[in-house]
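[1] Give me coordinates for this.
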Amino acid sequence: MDEVCQALVLDATGASSIEKVQNIQQLWSGYGQIFRARLRGGAHRSVVVKCVQPPEIESHPRGWTSAIAYQRKLKSYQVELHWYRHWSHQCSGAVARCYASHQQGNKIWLVLEDLDDSGYSRRYDSLSVDQCRAVLHWLAQLHADFLNIDTHGLWDTGTYWHLDTRPDELAAMPDGPLRSAASDIDKLLTGCRFQTVVHGDAKVANFCFQPSAEPVAAVDFQYTGRGCGMKDVAYFLGSCLSDRQLETHADSLLDDYFKSLEQLLGASSTTQQLESEWRALYCVAWTDFYRFLSGWMPTHRKINRYTRELAEQCLAHPDINA
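    Numbering: from 1, shown residues only. Sure, this is the predicted structure:
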């Protein structure tokens, strides 16, 4: 831990000293690290620090390095800094509190609540159906909190796979209907009437669970921005369920999400119109991510039977010219 970080942690928490520093994980492509600081004195026993220090030479684990990719990652950390400074306190769902932040050029430090210490100590690679419902409720809270508002300071279009930020992956796609439809798929999602703030990377690894499973808390807001809520829902379900589980449970889980959304927004004709629009875009949102995967990693396990079936539905949409 560098001197800037030590001073920031001690000043933000009122701790007398840092007893122990535990590395949690390296940031993607060597852009820094996340660690836990155990504290002596002050109001908190520990905090989690996200320390962003972009490398001079990027090294992507799958070889995707370019000026576009570098700038996308830099912006993602600026967006996350803005999220914690100006947006996170407005969330109804649980989000780590930001005790302090600091920026020095492209370097960023975030001193965050230790969600483990706050009771959200469980992490999972896959989920039961009931656990999925808890996350879908959190997503419904996010989407209800920020429905149709200005997303200044966040991504104009949320999600890390957004078409305009992924020209290299698009170029790597094989010729065919999916590649031909990429722009039309994007227009359907960005042009829909009901827009909200999407998490943008709502995979199961970015949710923290209590031992009782409910409620959950979310982390990692680098790709948060404007979007159709189905982007988060589709991406989340694909991150934690197999194709067989999806075929069996996806429809009922989608029902659960919309029930949560109606409870939060209230039953009205507008809520009904939102549900009608977003339900029709579920397969489109799923296929949008499939488009990214087919260029980035065409052998990915998420390209399965369920994904291909939804893509067939999407490509049959009257506004898609594949």
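[2] List phi and psi for the residue lying closest to V95 once chain neighbours are set aside.
    Spatially, and ignoring its direct neighbours in sequence, V95 is nearest to S88 (4.8 Å; CB to CB, 6 or more residues apart in numbering). Any C-beta I mention is one placed from the backbone N, CA and C, and that applies to glycine too. Main-chain dihedrals, S88, degrees, to the nearest 10: phi -60, psi -30.
[3] I'd say S88 and F221 touch.
    Yes - S88 lies in contact with F221 (CB atoms under 8 Å); the separation is 7.4 Å.
[4] who's more crowded, those two?
    Neighbour totals were compared for S88 and F221, and F221 leads with 26 against 18 (other CB atoms under 10 Å).
[5] how much space between the closest residue to that one other than its chain neighbours and G176?
    Using CB to CB, 6+ apart and skipping residues adjacent in sequence, the residue nearest F221 is W83, 4.3 Å away. Distance, W83 to G176, using CB to CB, to the nearest Å: 36 Å.
[6] and these two? which has more neighbours close in?
    When neighbours are counted by other CB under 10 Å, W83 and G176 differ, and W83 comes out ahead with 23 against 10.
[7] What's the separation between the more buried one and V197?
    9 Å.
[8] quick one, strands of the protein?
    In the chain, the strands defined using DSSP state E lie at 17-26, 32-40, 46-52, 94-95, 98-104, 107-113, 196-198, 207-209, 216-218, 225-227.
[9] okay, the ones you listed, which one's buried deepest?
    Sort those by mean neighbour count, taking mean count of other CB atoms under 10 Å, and strand 196-198 sits at the top with a mean of 27.
[10] helices or strands up against it?
    If contacts are counted by 3 or more CB pairs under 8 Å, 6 or more residues apart in numbering; DSSP states H and E, strand 196-198 sits against helix 129-145, strand 225-227.
[11] how's this structure carved up into domains?
    3-113, 129-315 (automatic domain parsing).
[12] Which of the ones you listed comes out lowest on mean pLDDT?
    Ranked on mean pLDDT, the bottom entry among the domains of the chain is domain 3-113, at a mean of 90.
[13] Among the helices and strands packed on strand 196-198, single out whichever gets nearest to W155.
    With CB to CB as the measure, strand 225-227 is the member of the helices and strands packed on strand 196-198 nearest W155 (2.7 Å).
[14] Now for K75, how many residues are close by?
    Using other CB under 10 Å, K75 has 14 other residues around it.
[15] if I look at E247, how far off is L253?
    From E247 to L253 the distance is 12 Å (CB to CB).
[16] Does T224 touch Q78 like I think?
    No - using CB under 8 Å, T224 is not in contact with Q78; the gap is 11.5 Å.
[17] if we can go back for a sec, which one of the helices and strands packed on strand 196-198 has the most crowded surroundings?
    strand 225-227 (a mean of 24).
[18] Would you mind pulling the contact partners of that one?
    Outside of strand 225-227, the residues within contact range by CB atoms under 8 Å, 6 or more residues apart in numbering are 79, 151, 154-159, 189-190, 195-198, 200.
[19] Most neighbours among those residues, please name it.
    Ranked by the number of neighbours (other CB under 10 Å), the contacts of strand 225-227 place V198 first, at 30 neighbours.
[20] what distance separates the start and the end of stretch 29-47?
    Its start and end residues considered, stretch 29-47 measures 24 Å (CA to CA, to the nearest Å).
[21] and that stretch, how far from the chain's centre?
    Between the centre of stretch 29-47 and the centre of its chain there are 22 Å (CA atoms, centre = their mean, to the nearest Å).
[22] Hmm, G119 is touching S212, no?
    No - with contact defined as CB under 8 Å, G119 does not count as touching S212 (9.2 Å).
[23] of these two, who's got more company?
    A direct count of neighbours by other CB under 10 Å for G119 and S212 places G119 higher, at 15 against 9.
[24] Run through the residues that contact that one.
    Taking CB under 8 Å, 6+ apart as the criterion, G119 is in contact with 210-211.
[25] go on, the one 10 residues further on?
    By CB under 8 Å, 6+ apart, V129 lies in contact with 245, 249, 252-253.
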